[in-house]
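Participant: sequence? don't have it. structure:
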């Protein structure tokens, strides 16, 4: 069912693989751009967030028609990030979305890797943001602890730990007074769905196939990332994807997309082919 919110911002669902998938579309540009959000999608899909997403990514709406896709509402047990990329490719086909620029954030970056590997004709340019290609101790500890909290239904602890691991102290000083509100929004809409998505993060391993990605690729991350790991994690993806570009925020973590004032500028410039972002600050 299509829901128009503001101007050309829309919320809708698409039937994929025996389930439904929520998505938001906005922007007046004639070029398609697909955004794949992170593990937060396991807590709440994009349904009801159209205005927020439009505002956060409004800098892309000038040149692109932007689609933000959730995972399926009913995920099969054992679904992998590769399976989720297949679901997304099917949704793009059903909606007749032409080959698109793609940005994946965190777990979305894992899914985006497989989309570019298994469905190269659908991806024209690729951004992998604050993500990884294979397992390490950092992601196993971080996501493993979140899985434990959800299984024990310690949702307040989950909300706080996600915030503390994602962001720098300077940022946290501003938001800690609002933890009471963040805790109220931390309960997953579906406990099962969150656990399937979280488990898929812990089995993700696309490293051996990254070399098959041929589209222009930009990798961006934080040197102090406590969720997926720091600069070494991003550097190994750059080394594996020929011609890929890299930007690291040395002092920022997994929440670099929210804390770095020029994060959107780097993304926009890459997608619009305006200069290089290969330097490391």
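Facilitator: The structure has been received and is ready for your questions. Computed from a prediction, not measured in an experiment: that's the story for all the values here.

Participant: show me what contacts the residue nearest to the spatial centre of the chain?
Facilitator: Central residue of the chain (Cα atoms, centre = their mean): residue 105, 2.4 Å from the mean position. When contacts are counted by Cβ atoms under 8 Å, 6 or more residues apart in numbering, residue 105 touches 35, 36, 37, 38, 129, 130, 131, 257. Using the backbone N, CA and C atoms, a C-beta is placed for each residue, glycine as well.

Participant: Out of the residues you listed, which one has the weakest pLDDT?
Facilitator: The lowest pLDDT within those belongs to residue 257, with 94.

Participant: looking at it, that residue is touching residue 263, isn't it?
Facilitator: Yes. Taking contacts as Cβ atoms under 8 Å, residue 257 lies within contact range of residue 263: 5.2 Å.

Participant: Comparing the two, which shows the higher neighbour count?
Facilitator: The residue with more neighbours, out of residue 257 and residue 263, is residue 257; 22 against 18, by other Cβ atoms under 10 Å.

Participant: Which residues does whatever helix or strand the more buried one lives in contact?
Facilitator: Element membership of residue 257, judged by DSSP states H and E, is helix 256-259. When contacts are defined by Cβ under 8 Å, 6+ apart, helix 256-259 is touched by residues 105, 129-130, 167-168, 171, 220-222, 225, 249, 252, 263.

Participant: That helix: what's the following helix or strand?
Facilitator: Next helix or strand after helix 256-259 toward the C-terminus (DSSP H and E): helix 263-271.

Participant: Isn't residue 222 up against residue 130?
Facilitator: Yes. With contact defined as Cβ under 8 Å, residue 222 counts as touching residue 130 (6.2 Å).

Participant: Mind listing the shared neighbours of the two?
Facilitator: By Cβ under 8 Å, 6+ apart, residue 222 and residue 130 have these common neighbours: 254, 256.

Participant: Neighbours of residue 221, how many?
Facilitator: Neighbourhood size, residue 221 [other Cβ under 10 Å]: 30.

Participant: shaky segments in the protein?
Facilitator: Within the chain, the segments meeting pLDDT under 70 span 1-7, 274-281.

Participant: so where do the strands sit in it?
Facilitator: Counting by DSSP state E, the chain has strands at residues 3-6, 9-16, 19-26, 31-36, 64-72, 100-105, 123-129, 217-222, 245-249.

Participant: just the helices in the protein please.
Facilitator: Per DSSP state H, the chain carries helices over the ranges 50-56, 58-61, 81-94, 107-118, 137-151, 155-166, 169-175, 179-184, 191-203, 231-240, 256-259, 263-271.

Participant: quick one: which of those helices is nearest residue 19?
Facilitator: Closest to residue 19 of the helices of the chain, according to Cβ to Cβ: helix 81-94, at 8.3 Å.

Participant: How about that closest one, which residues are buried there?
Facilitator: In terms of neighbour count (16 or more other Cβ atoms under 10 Å), helix 81-94 has its buried residues at 81, 82, 83, 84, 85, 86, 87, 88, 89, 90, 91, 92.

Participant: again with stretch 10-18
Facilitator: By neighbour count on 16+ other Cβ under 10 Å, the buried set for stretch 10-18 is 10, 11, 12, 13, 14, 16, 17.
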